[in-house]
Each structure stands twice: as structure tokens, then as C-alpha cells.
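J.: okay, here's the prediction I keep looking at, along with the sequence it came from:
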Amino acid sequence: MHLTLNILLSNSISLLNVDAAAVLLLHPGSNLLELVAGRGFHTLLFESVNLSDSVAGRAIMEHRPSITLDFETVMLRENPQFAKLWKGEGFVCYWCVPLLVKGEVKGVLEVYCRKTFTPDPEWLEFLESLAGQAAITIDNTQLFENLQRSNLDISLAYDATIEGWSRAMDLRDHETEGHTQRVTELTLKLARVMRISESQLTAIRRGALLHDIGKMGVPDAILLKEGKLTDKEWVLMRKHPQLAHDMLVLIAYLNEALNIPYCHHEKWDGTGYPQGLERDRIPLTARIFAIVDVWDALTSDRPYRKKWTKQKAREYIKAQNGRHFDPQVVDAFLKTIGKG
């Protein structure tokens, strides 16, 4: 808005042959007019004026198409702040036009002259036309900003819902509490190291938070079992990526995040599940997440074993280079976690 209005004010000064111009914005529910753009002034302008005791406020409240002032006008004596500006700038003439769009007052356009000038009707009509353009500019910008704000609110609500789902999974399985948050943070860190574009990080974050959402379809007797699973139980457990896919595929805004929940158990050599993908057929985001998921699982206590030391887990990751994990991702991961 500020850039556009400053361009409009520069053109207004040139086309109207005046010395300075300003736009003041009226915020809904407020009695203040805020200065949003000004050109041609030598002194520091006031940031805002009160609607009830300003010349511009009178133009709005009295529904005047415009107000014209000269040096002898009584209004100057009634408005010390305005009179100070007038004297400091050496103004002789002033015009103020309310900015109206669809019957709503958006603010005012003010123009000033430092020399005596008597406008004709055509000049005044052109001034009102410029005010109309300023009003449209403000209205369009406010509509766009409101739309952006609404989109941001929706996005935040989506993310809050996703985080709620992931917390529900962690609460269901107390042994893995905090796992989702840890793997999400490390996955984003590794993705940046691998120069994944910032535009993809939102999808990666959502996918990481939802990576185990399919386990909601796995019976508690299997999910929370202490000790190793039987072959039959593993068949049911290994269905959770497909269950995640079936749960999320119809949610349009999660389409780009689906690769991690669906493919994070695939292996570089093609022996993973559920699809048996290999090498570059596995989405890169899933390859990145897979190594982080295994790392966190190994370095955390689980019902069936105590956590490994980081050194032991690091050696396992190295041993799975080219088998379970993408070699390129292994290199980046080992650099990311360092030697701690």
C-alpha cells in the first residue's frame, strides 16, 4: 500500500501542480486518522490526528466532498497541530477530500500549496478523481491483506490439528512419547543440509508429524506389546503405512506430505514395505525421514530393549549404507549429527 500510494501522491503533486500531498487512513472502530503516505513535506509530519478535532476529520464527519482552506481560515486557529504544520511548511492553500469506496470512508487525501492558487471546477474534479483512485488502492490492499490473514489462520489451524493428531499418537504409546517432535525437528535440519527448498519444508514437517498416523489402525495388543512381535503380528503392524495412505490421501492439503507416512519404511535395496520400492523410486523426503526415524528409535528406550549409545547407533547407520539407507543421505546425516 505504501509504495503504491507514494507513487500516486508523486503523480498527484505533478499533475495538480501542488507542493505536497498526504493520505491519512481511518481504521474501523477508531477515531484516529493515521498517516500512511506523504510527499513534498520539509518537516516531520504528525503520525496521526484525532477525527473529532482535525480539519480532515471534519471533512469526513460533515460528509463534505472537499474542504478548501487558506491562510485566513478560522479552522487553522482551532487546530494548533495543523497550524504548526501549516506555519512550519509555509503553506498558503490546502484541500482535503474524503476517500470513499462502496459508501465506506477509508480516509482522506490532502494536498497543499506554498503559493496562492485558485482552482477551477475541472481541477477540483480531477482532485476528487485522484482521491477515488487512492480509495480503490486502499480497499484492494485491505481486501488482499485480509485474505492473506485468513489463509494464514487456516494454515495455522491445519498445523494445530496435525500436531494434535501426532500428540494423540504419542499419548497412546507412552514408550515413544516425544518421538514425533524429535524426529520432526531432526528431519527438517537434515532436509536443509541436503538443500531441500524452503517451499518443501512445510510438507516435510507435516509428513514427519503424521508419519505414524497409520498406527491408529493397529490394535493396542500389538502396538503396546512388550517383547518381540510374532510373524502374524508383524503382518498387521506393517500395514500402518498403507493405512496412513488411505487415511490421508483424500485430504487435499496433505497430498504433498503423504510421501513420508506412506514410504518411510521403504529401503534403498528394495526390501522395505509396503510397496517394495528401491533406490530413487523412493521419494527423497521419505529417504531422509527413514534414517532419522531409525536413529531416534535406536537411541530411545523401547518396551523390547534399552536405548543404544549414539556411537553404536552411528555404526549401525553406517552398516546399513546402501542397504536400508540412501548413501547420499547417510553422508549428510552423519555430518549433521556430528560426533556427539
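T.: Sure thing, it's come through.
J.: next SSE after whichever strand or helix holds residue 203?
T.: For residue 203, the host element (DSSP states H and E) is helix 198-209. Once the chain leaves helix 198-209, the next helix or strand it forms, by DSSP H and E, is helix 220-223.
J.: how about that following helix: buried residues?
T.: Across helix 220-223, burial judged by 16 or more other CB atoms under 10 Å covers 222, 223. C-beta: built from backbone N, CA, C; applies to glycine.
J.: what do you get for stretch 258-270?
T.: Neighbour-count burial for stretch 258-270 [16+ other CB under 10 Å]: 258, 259, 260, 261, 262, 263, 264, 265, 266, 267, 268.
J.: what about these, which are in helices?
T.: Under the assignment DSSP state H, the buried residues of stretch 258-270 contribute 259, 260, 261, 262, 263 to helices.
J.: how about the helices in the protein?
T.: Using DSSP H, the helices of the chain run over 2-16, 55-61, 74-78, 80-89, 121-172, 179-193, 198-209, 220-223, 231-237, 240-248, 259-263, 284-298, 310-319, 327-337.
J.: closest to residue 24 out of those?
T.: helix 55-61 (5.8 Å; CB to CB).
J.: which other helices and strands does that closest one contact?
T.: strand 48-50, strand 67-70, strand 93-101, strand 104-113 (3 or more CB pairs under 8 Å, 6 or more residues apart in numbering; DSSP states H and E).
J.: who are the contact partners of residue 35?
T.: By CB atoms under 8 Å, 6 or more residues apart in numbering, the contact set of residue 35 is 22, 23, 24, 25, 45, 46, 47, 48.
J.: want to throw these into TSV with pLDDT?
T.: Shown next, in TSV, are those (pLDDT from 0 to 100):
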residue	pLDDT
22	91
23	91
24	89
25	89
45	70
46	74
47	77
48	76
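J.: just those now: which is nearest residue 201?
T.: residue 25 (35.5 Å).
J.: what sits against that closest one?
T.: Contacts for residue 25 were tallied using CB under 8 Å, 6+ apart; they are 33, 34, 35, 36, 106, 107, 138.
J.: how about low-confidence regions in the protein?
T.: Along the chain, the parts satisfying pLDDT under 70 run over 52-53, 65-66, 69-78, 170-177, 302-304, 339-340.
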